[in-house]
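**Student:** Have a look at this prediction, sequence included:
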Amino acid sequence: MRPAALAGHDQLELLPLVADLDGTLIATDTLFEAALSLIRQKPWSILLLAVWLIRGKTVLKSAIAKRFTPNAESLPYRRDLVEYLRNEGNKGRRIVLATAAHQTTAYQVAACLDLFDVVLASTDSVNLKGKLKRDQLVTLYGLRGFDYVGDSRADIPVWAACRIGHVAGRMRRLPGSVLATGTQQGEVFTRPRPGVKTLLREIRVSQWVKNLLVFVPALLNHHVDGEILKALATAFFAFSFVASGTYITNDLFDLEADRRHPRKCRRPLASGQISVALGIPMAVCLPLAGILLGVTIGAPLVTCLLAYLVLTLLYSSYIKGKPIIDVVALAILYTLRVYAGGLVSQAYVSPWLLQFSIFLFLSLAFVKRYSELRRLRHQRPLEAPGRNYRVQDLGIISQAGLGSGLLAGLVLALYVNGQEIQRLYPHPEMLWGVCPLFIYWIIRVWLIAHRGNMNEDPILFAFRDRVSYIVGFLIVIAVLLGLR
């Protein structure tokens, strides 16, 4: 009797182990990612998505799968769960992938992991989710004839029919209603919900310093009072919210490229710390909040915010893959902040300031591209992911970037030695030192980039660099001497 009982016990222990895909085996939703990639490739397809969704989730999944499938190798897998499934498979258990994702995606994941004995997935006619998934598993393995790993309330019918229910994703344990059916609580493969720090990383609060550019026209024209500062502060936060929304949109459209990037792969969306389902409403609500702030100031600011939003979305979906055009677009986006600051404060934005801004920000945009490419020089990919720049382009990029910076210095020199400056400064000759200070700074930025030490956005670098503060302090001293 004992050997038979032992054999029965072993057979019970080796029941099939079934795992869900979206939100369980991977920290994302492949349907959302495929839809976003399709929209990026063909923006007009957003209309088709609405039509397919009206016809049903099954039609939507099938139509998207025929046009785009996420790269299985770059998906954010839960490594602890993958290792658990692999260990259980080594014990002799059948490992089953049962997912509501389309079978095209499921088979690619299975081929990538080389882990599953059986793959069950949605087809062109069946959306394998909830009760339908339960019914198919019960038909194959019987009631309580399998263990199951899931992540959401959509898995409740399956958990209620399995022997042991394992939990992944954000859930901490099986729902009480499932435990009441007799299902046993199994392993927990969870990750903490995104905290404030993670959310702040995703909306790039550190990047908000760029929006201080809205204060530049008022300061240069000595046109500052309490009301103007209040309006400019509102414009600052309006641009910050819109910019944060566009950063998230960019991350949503660039998930696959970011996951292949040595540094960007740690971003909350790319790594799965923040779900795509949460990222989409954030990408919508933040720009809306920024535009509503702009409404409190007036139509000119709203117009600038809308122009900024449209150009940034074009950049994320199309322009960023076009060499040279992408850095010109970035320079325009920076200059737009300066122009908006002039509108809000009703300070004169001279052609000199606009030309200086264009050339300066064009140079800094080239610094960013140069640094990205330089980091790839000793890596296998010879082309920046998501861009159309190549390592061979380093020379032309550095020449164009440094040349743009020197042109900005030339514009500054012509302005300092022109007639217009005499209206603002009683002693304009005291500002002659500003030009060599600026030229020193821009050449130093490029020298640091050339040595491979520019590991961040050059504007953020300036706010963290001690020498930049010294140069800025000396420029302020020269300006104050010109005003005395």
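**Tutor:** That came in fine, so what should we check first?
**Student:** C-alpha only now, for contacts and for neighbours.
**Tutor:** Will do.
**Student:** So which bits of the helix or strand residue 398 falls within are buried?
**Tutor:** Applying DSSP states H and E as the criterion places residue 398 in helix 394-416. By 16 or more other CA atoms under 10 Å, the buried positions in helix 394-416 come out as 394, 397-398, 400-413, 415-416.
**Student:** Also stretch 271-283?
**Tutor:** Neighbour count says stretch 271-283 has 271-276, 279-280, 282-283 buried, by 16+ other CA under 10 Å.
**Student:** how does this structure divide into domains?
**Tutor:** The chain breaks down into these domains under automatic domain parsing: 14-190, 194-342, 350-381+389-484.
**Student:** Need the ones you listed in JSON lines (columns: mean pLDDT).
**Tutor:** Shown next, in JSON lines, are the domains of the chain (pLDDT from 0 to 100):
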{"stretch": "domain 14-190", "mean pLDDT": "92"}
{"stretch": "domain 194-342", "mean pLDDT": "90"}
{"stretch": "domain 350-381+389-484", "mean pLDDT": "88"}
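**Student:** top helix in the protein by residue count?
**Tutor:** Determined from DSSP state H, the single longest helix within the chain is helix 226-253.
**Student:** what's the offset of that helix from the middle of its chain?
**Tutor:** Relative to its parent chain, helix 226-253 has a centroid offset of 17 Å by CA atoms, centre = their mean, to the nearest Å.
**Student:** send the alpha carbons of the following helix or strand past that helix over as CSV?
**Tutor:** Downstream of helix 226-253, the next assigned helix or strand under DSSP H and E is helix 255-259. Taking C-alpha atoms only, helix 255-259 is exported to CSV below (Å, rounded to 0.1, in the frame of the first residue of the first chain):
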residue,chain,number,x,y,z
LEU,A,255,9.3,50.9,-24.9
GLU,A,256,11.2,48.4,-27.1
ALA,A,257,14.1,50.7,-27.9
ASP,A,258,14.4,51.8,-24.3
ARG,A,259,14.6,48.2,-23.1
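**Student:** on contacts alone, who are the packing partners of helix 255-259?
**Tutor:** Under the contact definition 3 or more CA pairs under 8 Å, 6 or more residues apart in numbering; DSSP states H and E, helix 255-259 sits against helix 268-271.
**Student:** got the angle for the helix or strand immediately after the helix it packs on in the chain vs helix 226-253?
**Tutor:** The helix or strand immediately downstream of helix 268-271 is helix 276-295, counting by DSSP H and E. Using axes from the mean of the first three to the mean of the last three CA atoms, to 10 degrees, one finds that helix 276-295 and helix 226-253 are set 160 degrees apart in direction.
**Student:** Quick one: residues contacting residue 267.
**Tutor:** 201-202, 258 (CA atoms under 8 Å, 6 or more residues apart in numbering).
**Student:** May I see the PyMOL selection of the buried members of the residues you listed?
**Tutor:** Buried residues among the contacts of residue 267 (16+ other CA under 10 Å), as a PyMOL selection:
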select buried, resi 202+258
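**Student:** Out of the contacts of residue 267, the closest to residue 299 would be?
**Tutor:** residue 202 (29.2 Å; CA to CA).
**Student:** all strands of the stretch 101-250 of the chain, in order?
**Tutor:** For the stretch 101-250 of the chain, the strands defined by DSSP state E, counting those that start in this stretch cover 118-122, 147-150, 164-169, 184-190.
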